[in-house]
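Q: Here is the input, now give the coordinates:
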Amino acid sequence: MDASSKPTCRLVKPGATYAGKQGLNYFEGIAAETVGAKGICMHILTMPPGARAKAHLHENHETAIYMLSGRVDTWYGERLEHHVVVSAGELFYIPAGVPHLPANSFDEPATAIIARTDPNEQESVVLLPELDALAG
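A: Numbering: from 1, shown residues only. Model (predicted):
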């Protein structure tokens, strides 16, 4: 392995955004695409009031969320039959393969740090349009 291909530490300054398959805009962060990550990705998501993701799941990858500010409704389960409000200062775990749909039905923006065991971030996203009308 030569010095140019040797893994090294990288600083990422969130600035650019990208549109996720889920229907939300994410700040670019740690991922295979940005730093060559092999087993994790981490991004920042701000959901304005009224924002709502498409129902989806992440095949074979876990998700961990830390809510920095605001609150977000999240429906989850095979038919989105479960509901939780994730508030600032709380952490939320989503196992691989579990359908979910977050929505900001509150009057303030909500910002979260999202980490997944999928280094390619969008690779394992599976949209579930048949579930979209079940939440809320």
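Q: Could you list every helix and strand in contact with whichever strand or helix holds residue 68?
A: In this structure, residue 68 sits in strand 63-69 according to DSSP states H and E. If you count contacts as 3 or more Cβ pairs under 8 Å, 6 or more residues apart in numbering; DSSP states H and E, strand 63-69 packs onto strand 82-87, strand 91-94, strand 110-116. Quick note: C-beta positions are derived from backbone N, CA and C, even for glycine.
Q: of the ones you listed, which approaches residue 39 most closely?
A: For the helices and strands packed on strand 63-69, proximity to residue 39 was assessed by Cβ to Cβ; strand 110-116 is nearest, at 9.9 Å.
Q: Quick one: list the elements packing against that closest one.
A: Counting contacts by 3+ Cβ pairs under 8 Å, 6+ apart, strand 110-116 is packed against strand 41-47, strand 63-69, strand 71-76.
Q: Helix or strand next in line after that strand, which one?
A: Where DSSP H and E defines the elements, the next helix or strand beyond strand 110-116 is strand 125-127.
Q: circling back to that earlier point, now tabulate the helices and strands packed on strand 63-69 in CSV and tack on mean pLDDT and mean neighbour count.
A: Listed next are these as CSV, based on pLDDT from 0 to 100; neighbours: other Cβ atoms under 10 Å:
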stretch, mean pLDDT, mean neighbour count
strand 82-87, 98, 14
strand 91-94, 98, 15
strand 110-116, 94, 20
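Q: Out of these, which gets nearest to residue 48?
A: Of all the helices and strands packed on strand 63-69, strand 110-116 comes closest under Cβ to Cβ, at 8.4 Å.
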